[in-house]
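*Asks:* Any chance you could fold what I've pasted below:
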Amino acid sequence: MGHLDHAAFGWLTPVLSYLMACVGAALGLRCTVRALAATGRSRRNWLVTAASAIGTGIWTMHFVAMLGFRVSGTDIRYDVPLTILSLLVAMVVVFAGVFAVGYSRGRYRALLCGGLTTGLGVASMHYLGMAAVRLHGHVRYDPILVGVSVAIAVVAATAALWAALDIRSPLAVTVASLGMGAAVSSMHYTGMFAVSVRVDPSGDALSGATAMQFIFPLAVGLGSYLFITSAFVALSPTADEREASASAQRPVDILAR
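*Replies:* Numbering: from 1, shown residues only. Below you'll find the predicted structure:
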C-alpha cells in the first residue's frame, strides 16, 4: 500500500483551498441576494454570476487541495479531458440549483430538489476529479466514507441554497460563507480519506499532465476570476442604493424645472 499524504505542502493547500471555497460561497450568496431583488434579465444575469462563482469556488477548492496530494512510490498525473469535465459538471449542477431557487415558487420543493441535485453533482465533480488521477497502482475507496462524503455534499448544498433565500445582511453572508467553505472542505477531505492506493512500481511513463503543468495555472486563473468578480460586485450598487439615489435625484429635477 502506498502512503498517502494529503498535505504535502503543510497547511498551505488546506488553508488556501478553504479560502477559495469561502470566496466562491460569499460571492455566490451576494449575487443571489441581488438576483432576488431584481427582475427580468437582471435577475438572470445575477443568477448566472452566482452559479459560476459557487461552481468555480467548489472546483478550485478541490484541485487546490489536490496540489498537496502525494502517494509514496509513484508519480501522479491528471487526465485533462476528465478534469475539464469535472469543472463542467460542477458548473451545470450549481446552475441548476441556483436557478431553481431563483425562479421556483415552491420554496421547500426548490430547496429539496435543488439541494439534492446540487449535492450529488458536487460529489460527482469530486469523484470525476479523482477518476482523472493517473498513477502506478490501483485506487480503492471505503464505501462508508464515500457515502458520508456524498451526504455532506447534499447537506452543504441544501444549506447553501437555504442561505441564498434567507440571508441578506453582509455579516450573515460572511458567517454563512465560512460555514459553507468548511462544509465543502469537509466533503473533500472525507472523500480523500476514503481513498487507499496499492502501488505497482513501474518505469513506464504516465499519461496526462502534472498538477503544476495543468491544475495550478487553471486554479490560479479561476481564483483570479473569483477575486475580480468579487471586486465588481462590491462596487456595484444594490437595488436599495439605486432607489435611494433615484429618490435623492427627484427633488433636484423638480427644482431644475
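*Asks:* in the stretch 101-250 of the chain, what spans have low per-residue confidence?
*Replies:* Scanning the stretch 101-250 of the chain for pLDDT under 70 picks out the ranges 106-107, 167-168, 234-250.
*Asks:* give me that answer again for 50
*Replies:* Residue ranges of the stretch 101-250 of the chain with pLDDT under 50: 241, 244-246, 248.
*Asks:* Give me the spatial nearest neighbour of residue 13, chain neighbours excluded.
*Replies:* Leaving aside its sequence neighbours, residue 13 sits nearest to residue 68 (CB to CB, 6 or more residues apart in numbering; 3.5 Å). Just so you know, the C-beta spots here come from the backbone N, C-alpha and C atoms, and that holds for glycine as well.
*Asks:* Which residues are in contact with that neighbour?
*Replies:* With contacts defined as CB atoms under 8 Å, 6 or more residues apart in numbering, residue 68 is in contact with 5-9, 12-14.
*Asks:* can you map out the helices along the stretch 101-250 of the chain?
*Replies:* Counting by DSSP state H, counting those that start in this stretch, one finds helices in the stretch 101-250 of the chain at the ranges 107-131, 143-166, 170-193, 216-235, 239-256.
*Asks:* right, and those - which one's nearest residue 45?
*Replies:* helix 216-235 (11.7 Å; CB to CB).
*Asks:* Alpha carbons of that closest one, as PDB, please.
*Replies:* In PDB, the C-alpha atoms belonging to helix 216-235 read as follows (Å, rounded to 0.1, in the frame of the first residue of the first chain):
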ATOM      1  CA  PHE A 216      -2.100  25.000 -10.900                       C
ATOM      2  CA  PRO A 217      -2.400  27.500 -13.900                       C
ATOM      3  CA  LEU A 218      -6.100  26.700 -14.200                       C
ATOM      4  CA  ALA A 219      -6.700  27.100 -10.500                       C
ATOM      5  CA  VAL A 220      -4.900  30.500 -10.500                       C
ATOM      6  CA  GLY A 221      -7.000  31.700 -13.400                       C
ATOM      7  CA  LEU A 222     -10.300  30.700 -11.800                       C
ATOM      8  CA  GLY A 223      -9.200  32.100  -8.500                       C
ATOM      9  CA  SER A 224      -8.400  35.400 -10.200                       C
ATOM     10  CA  TYR A 225     -11.800  35.300 -11.700                       C
ATOM     11  CA  LEU A 226     -13.400  35.000  -8.200                       C
ATOM     12  CA  PHE A 227     -11.400  37.900  -6.800                       C
ATOM     13  CA  ILE A 228     -12.000  40.200  -9.800                       C
ATOM     14  CA  THR A 229     -15.700  39.400  -9.800                       C
ATOM     15  CA  SER A 230     -15.900  40.000  -6.000                       C
ATOM     16  CA  ALA A 231     -14.500  43.500  -6.500                       C
ATOM     17  CA  PHE A 232     -17.000  44.200  -9.300                       C
ATOM     18  CA  VAL A 233     -19.900  43.000  -7.100                       C
ATOM     19  CA  ALA A 234     -18.700  45.000  -4.100                       C
ATOM     20  CA  LEU A 235     -18.500  48.200  -6.200                       C
END
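*Asks:* Which strands or helices does that helix pack on?
*Replies:* Using 3 or more CB pairs under 8 Å, 6 or more residues apart in numbering; DSSP states H and E as the contact test, the elements touching helix 216-235 are helix 12-36, helix 40-66.
*Asks:* Quick check: buried residues in it?
*Replies:* Within helix 216-235, the residues that qualify as buried are 218-219, 222-223, 225-226, 229-230, 233, counting by 16 or more other CB atoms under 10 Å.
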